[in-house]
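**Student:** generate coordinates for the sequence data below:
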Amino acid sequence: MTKGFLSKSYGKTTSVSVRAHYDEWATSYNKEITENGYATPGRCAAALAQFSNDRTAPILDFGRGTSLSGLALKLAGFQVIDGIDLSADMLKVAKTTETYRSLELIEPNAVLPTPDVAYANIAAIGVIGAGAAPISVFHLLMHALPKGGKLVFSLNGHALADPENEAAINEWTKKGSANLLFKEHGDHLPGINLKSNVYVVEKT
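**Tutor:** Residues are numbered from 1 along each chain as shown. Predicted coordinates for the structure are as follows:
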């Protein structure tokens, strides 16, 4: 399978370099990523759907890219989806899919916004890890959830190599602030033989 921009995705160390990379990749992203069998969005959407009592309630799709995650959520039955991303060019592609109620751009190095409304469900699919967002984003999104709210997210093989990422989940569950409802290891990008863990965490 072709790697193209994908092979350059895991070495970015700043939000500015991540934005530049994804802006440049935006027009060919969907083709390249689907050629490599991108499985995590569908896995995450299906996992969250198992634990969602109301799929008509608004959901925040954090780090939405070109909308592959939003499309997976929509196919799983979620009806009202808001998106946030770092890349303006990725958001332009996402807008053409008409998947989202709203789309918001995050500025590099700015304080990440806390959602204005308390979303019962938040998705951060393929967002946290090497060349992407730091684990602090997990804490931000957990704090943004109301009690009983659920976060679905993934950590690919590169992210799992850093023990601090899964330690963040344990930090919440061990002190009783969250329950780990779901954890599954499976395909992420089979075309490059990369796996991921999918998690659903409920805030208590």
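
**Student:** quick one, what contacts Ile81?
**Tutor:** 58-59, 61, 70, 73-74, 99-101 (C-beta atoms under 8 Å, 6 or more residues apart in numbering). Where you see a C-beta, it was placed from the backbone N, CA and C, and this is true even at glycine.

**Student:** which of those residues ranks first by neighbour count?
**Tutor:** Of all these, the highest neighbour tally under other C-beta atoms under 10 Å goes to Asp61, namely 32 neighbours.

**Student:** give me the next element, helix or strand, following whichever strand or helix holds His188.
**Tutor:** Assigned by DSSP states H and E, His188 belongs to strand 178-189. Next along the chain after strand 178-189, taking DSSP H and E as the criterion, comes strand 194-203.

**Student:** what comes up buried for stretch 147-160?
**Tutor:** Using 16 or more other C-beta atoms under 10 Å as the test for burial, stretch 147-160 gives 149-160.

**Student:** make CSV out of those residues and add distance to Ala88.
**Tutor:** Output for those, formatted as CSV (distance: C-beta to C-beta, whole Å):
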residue, distance to Ala88
Gly149, 28
Lys150, 29
Leu151, 25
Val152, 25
Phe153, 23
Ser154, 24
Leu155, 26
Asn156, 24
Gly157, 29
His158, 25
Ala159, 25
Leu160, 30
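
**Student:** now the helices for this protein?
**Tutor:** Ranges of helices in the chain, per DSSP state H, are 15-35, 40-51, 68-75, 88-96, 136-144, 157-160, 163-174.

**Student:** of those helices, flag the one that's most buried.
**Tutor:** Greatest average neighbour count among those goes to helix 68-75 (a mean of 23), per mean count of other C-beta atoms under 10 Å.

**Student:** show me what that one is packed against.
**Tutor:** In terms of contacts (3 or more C-beta pairs under 8 Å, 6 or more residues apart in numbering; DSSP states H and E), helix 68-75 is packed against helix 15-35, helix 40-51, strand 59-62, strand 81-85.
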